[in-house]
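# pasting the sequence and the predicted model now:
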Amino acid sequence: MARKTLYDKLWEAHLVEKQPDGTSLIYIDRHLLHEVTSPQAFEGLRLQGRGPWNPEANLATPDHNVPTSFAERSSGIDGIQDPISRLQVQTLDENCRLFNIREFGMDDERQGIVHVMGPEQGVTLPGMTIVCGDSHTSTHGALGALAQGIGTSEVEHVLATQCLLQKKMKNMLIKVEGKLGPGVTAKDLVLYIIGHIGTAGGTGYTIEFGGSTIRSLSMEGRMTVCNMAIEAGARAGLVAVDEKTLAYVENKPFAPKGAMWEQAKAYWQQLVSDDDAEFDKVIAIDAAVIEPQVSWGTSPEMVTGVTGTVPDPEKAQTETQAEGITNALNYMGLKADQKMIDIKLDRVFIGSCTNSRIEDLRAAAEVVKGHRVATTIKQAMVVPGSGLVKKQAEQEGLDTVFKEAGFEWREPGCSMCLAMNEDKLGKGEHCASTSNRNFEGRQGFGGRTHLVSPIMAASAAIAGHFVDIRTWKGEK
Amino acid sequence: MEGGKVMEPFTLQKGIVAPMDRANVDTDLIIPKQFLKSIKRTGFGPNLFDTLRYMDEGQPGMDNSNRPLNSDFALNQKRYQGASILVARENFGCGSSREHAPWALLGYGIRVIIAPSFADIFFNNCFKNGMLPIVQPEQMVAALFAEMYAAPGYTLEVDLESQQIRKPSGEIVTFKVDAFRKHCLLNGLDDIGLTLEKKDAILAYEAQRRQVTPWLFS
Ligand code: SF4
């Protein structure tokens, strides 16, 4: 019998039916919802007189549109200033009530970015199939679950049928070996990988991240890596289940307990790729060569080490590439061969489903402690990924560290990751951001995003420009 | 049927072809986030490619007819008005899963997109809205760009049944499409209805899973 990859196993365990052309009906264990991609799906159900197949398989929370300032948040939904945003959040509440779906609403302390909340609550578990109308659902693959982003029509399909129609993807293994250097994080690793394989490198694949480096990452770090699998074009990223996975899941509010826990644990322990399982593609990465990364362009693959420079379009290999670089440099207001550390910054954003977990905030606070945000920085903000991350950080005094340094300490949500609420960049402003997308206008009309790790963002806030965190001594 | 799902059958599309001449067009570019606050499926057409199309920053509810247009942007040029076929470069539709992206294209009037490659989620979302994304080799796409630039009013005929693209020159190019997706497109089928016909299979699967992974059902 052919050896199986983890993806093969997860796929087969959820296969309800396969048609001759390969189109398959896949059973979905968990469906997460947020306010932006669900209203039209609920509307579709209503119009067809349908209801959810299994309301209990669903969990909703508002995150994209919610304000993150305390003033706006303290009076609940009514406090949302923008009437269109308010209506969207209200609509989620109403739909959840109407269709009997559990929701962590805006004033629930468990509310947060859906991809932070799910693992934190044990709502997403190893071995599950998980979907959400959001491309960064790939995050949950860090737990050994098959987790994918879907469109709104599919949200409706999953609500109504508990299934998804799709064809099986191909298998890719990205094998990372060796030790990450000091100051080099999971974020740098995944940015490096995307720079290496490109934003379409994983299209049509499910990527399993393996190797000693991945195994040595914390669960938070693995989530950061899987979060950005979609930035490499892969709908799903995976990390095999190991002791760390089990330790992370144990005792989470929605995780199985007692005898059921033991049974689940035995099942989850098999969720690894077999030795010699066949992958359609294998990419080997040497962790030791990776520097702290900074993106310079308008696509996550446009990234380089912090000691590097902005590329020269004239040295590009193809015409399309040269054009891409030229467009990006124009948009970003950068010149070829400019040093990354010379890029002046206007704002700093620490947050998003990539890097807003407690570990990220701890690492950033460690860097910030005892320093002040540079006077040239207009705004530096920390947005915890969930109400519980915020609470934990406050218990540890991290909020004080950030505030004393001149950072704003915000309420949880997506915030400036996509700037659907008030948190956004002005035209032409450069931002060091721990989020995942540096597309044109992503963080605000004409805004210029540089993707970095939390500690690179933190040090950049203090210095006013990017610094090599490995050698930076800090400035008071 | 405002807010409802309109899935028009797709059989044959003959129309003007417009260019989207850049690689890695992401969904933020196709429809910027401020328009995602809408709770409807319709009304996104005027804001398709908003940041490229207009000189100012678009906001939901704006009167788009008064906004300053970017005359350099292809879709603003007279020769491409009324286009229903878009030719694009590699990795079209990368980024978020927002179905607002195909809704915006559809709202604008685009039913076919031809590119060397597409991002997975976007590709999938197109079919769910009665749109046909077609993958063609790089060279073929390059030829389409060249021919379209050379001939104002350039049209193509895309025939799903025979899986053919017919050029004005009479040249015929074939394309691939999944059998199931083709069937749904041709008949304008709602795939939720189709899946619900498999109710027994889903229930049987659930019963078996209840044995193997009971913690998922408790
Ligand atoms: S934090 Fe950003 S990437 Fe993550 S779900 Fe929110 S908007 Fe999407």
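Nice, thanks for sending it over.
# and the strands in the stretch 1-150 of chain A?
A:15-18, A:24-27, A:30-33, A:58-60, A:102-103, A:129-132, A:146-149 (DSSP state E, counting those that start in this stretch).
# pLDDT averaged over the second one, what's the number?
In this case it means strand A:24-27. Confidence over strand A:24-27, taken as the mean pLDDT, stands at 98.
# what sits up against it?
Contacts of strand A:24-27 from elsewhere in the structure, counted by CB atoms under 8 Å, 6 or more residues apart in numbering or on different chains, are A:11, A:14-18, A:129, A:162-168, B:195, B:198, B:201-202, B:205-206, B:209. From N, CA and C alone the C-beta is placed, and that goes for glycine too.
# tell me the strands beside it, with direction?
Strand pairing for strand A:24-27, using DSSP bridges, gives strand A:15-18 (antiparallel), strand A:163-166 (antiparallel).
# distance of B:L52 from the ligand?
In this structure, B:L52 lies at 22 Å from the ligand, with CB to the nearest ligand atom, to the nearest Å as the measure.
# so what pLDDT did the single nearest residue of chain B relative to the ligand get?
Closest approach between chain B and the ligand, counting by CB to the nearest ligand atom: B:S96, at 6.9 Å. Looking at B:S96, its pLDDT stands at 94.
# tell me the secondary structure at it.
The local conformation at B:S96, judged by DSSP: H, G, I helix; E, B strand; the rest coil, is coil.
# if I look at it, how far off is A:T298?
Here the criterion is CB to CB, to the nearest Å. By it, B:S96 lies 15 Å from A:T298.
# between these two, who's got more neighbours?
Neighbour count, other CB atoms under 10 Å in any protein chain shown: between B:S96 and A:T298, B:S96 has more, with 31 against 26.
# surely the more buried one meets A:D134?
Yes. Counting by CB atoms under 8 Å, B:S96 does reach A:D134; the two are 7.3 Å apart.
# which neighbours do these two share?
The contact sets of B:S96 and A:D134 overlap at A:G149 (CB under 8 Å, 6+ apart).
# ok, which residues in chain A are in contact with the ligand?
Those residues of chain A that sit near the ligand, judged by CB under 6 Å from any ligand atom, are A:63-64, A:113, A:115, A:134, A:136, A:352-353, A:414, A:417-418, A:435-436.
# nearest to B:G153 among the residues you listed?
Distance from B:G153 was checked for each of the residues of chain A next to the ligand by CB to CB. The minimum falls on A:L418, at 38.6 Å.
# which residues touch the closest one?
A:64, A:435, A:437, A:442-443, B:28, B:33.
# can you give me how far stretch A:260-271 is from the chain middle?
Centroid separation for stretch A:260-271 versus its chain: 26 Å, with CA atoms, centre = their mean, to the nearest Å.
# quick one: contacts for B:G15?
For B:G15, counting by CB under 8 Å, 6+ apart, the contacting residues are B:82-85, B:111-112, B:155-156.
# same thing but 6 Å
Applying CB atoms under 6 Å, 6 or more residues apart in numbering or on different chains, one finds that B:G15 lies in contact with B:84-85.
# now it: which helix or strand?
The secondary structure element spanning B:G15 is strand B:12-20 (assigned by DSSP states H and E).
# for that strand, buried residues please.
Residues B:13, B:15-20 are the ones in strand B:12-20 that count as buried (16 or more other CB atoms under 10 Å in any protein chain shown).
# which of those sits closest to A:D274?
Out of the buried residues of strand B:12-20, the member with the shortest distance to A:D274 (by CB to CB) is B:M20, at 43.3 Å.
# quick check: that closest one touching B:R89?
No. At 7.3 Å, B:M20 and B:R89 do not qualify as touching, with contact defined as CB atoms under 6 Å.
# quick one: the strands in chain B, in order.
For chain B, the strands identified by DSSP state E occupy B:12-20, B:85-88, B:112-115, B:132-135, B:155-159, B:164-166, B:172-174, in order along the chain.
# out of the ones you listed, flag the one nearest A:T23.
With CB to CB, the closest approach to A:T23 among the strands of chain B belongs to strand B:132-135: 16.2 Å.
# and the buried residues of strand B:12-20, which is closest to A:V225?
Proximity of those to A:V225 was ranked by CB to CB; the top entry is B:M20 with 31.5 Å.
# re earlier: comparing the strands of chain B, which comes out most buried?
Per residue and on average, the most neighbours among these fall to strand B:85-88, with a mean of 26 (mean count of other CB atoms under 10 Å in any protein chain shown).
# near chain A at all, it?
No. Where contact is defined by CB under 6 Å from any CB of the partner chain, no part of strand B:85-88 touches chain A; the two come within 12.2 Å at best.
# elements contacting that strand?
Of the remaining helices and strands, those touching strand B:85-88 by 3 or more CB pairs under 6 Å, 6 or more residues apart in numbering or on different chains; DSSP states H and E are strand B:12-20, strand B:112-115.
# which residue sits closest to B:G43, ignoring its sequence neighbours?
On the basis of CB to CB, 6 or more residues apart in numbering or on different chains, the spatially nearest residue to B:G43 that is not a chain neighbour turns out to be B:G107, at 6.7 Å.
# what's the local residue count around that neighbour?
By other CB under 10 Å, 18 other residues sit near B:G107.
# what does A:T152 give?
As a burial measure, the neighbour count of A:T152 was computed by other CB under 10 Å and equals 28.
# just the one 5 residues further on next, same as before
The burial metric for A:H157, expressed as a neighbour count using other CB under 10 Å, is 26.
# ok, now how distant is it from the ligand?
Relative to the ligand, and taking CB to the nearest ligand atom, A:H157 is found at 21 Å.
# contacts only, for A:F254.
Contacts here follow CB under 6 Å, 6+ apart; on that basis A:F254 touches A:121-123.
# so it: helix, strand or coil?
In three-state terms, and counting by three-state DSSP, A:F254 is coil.
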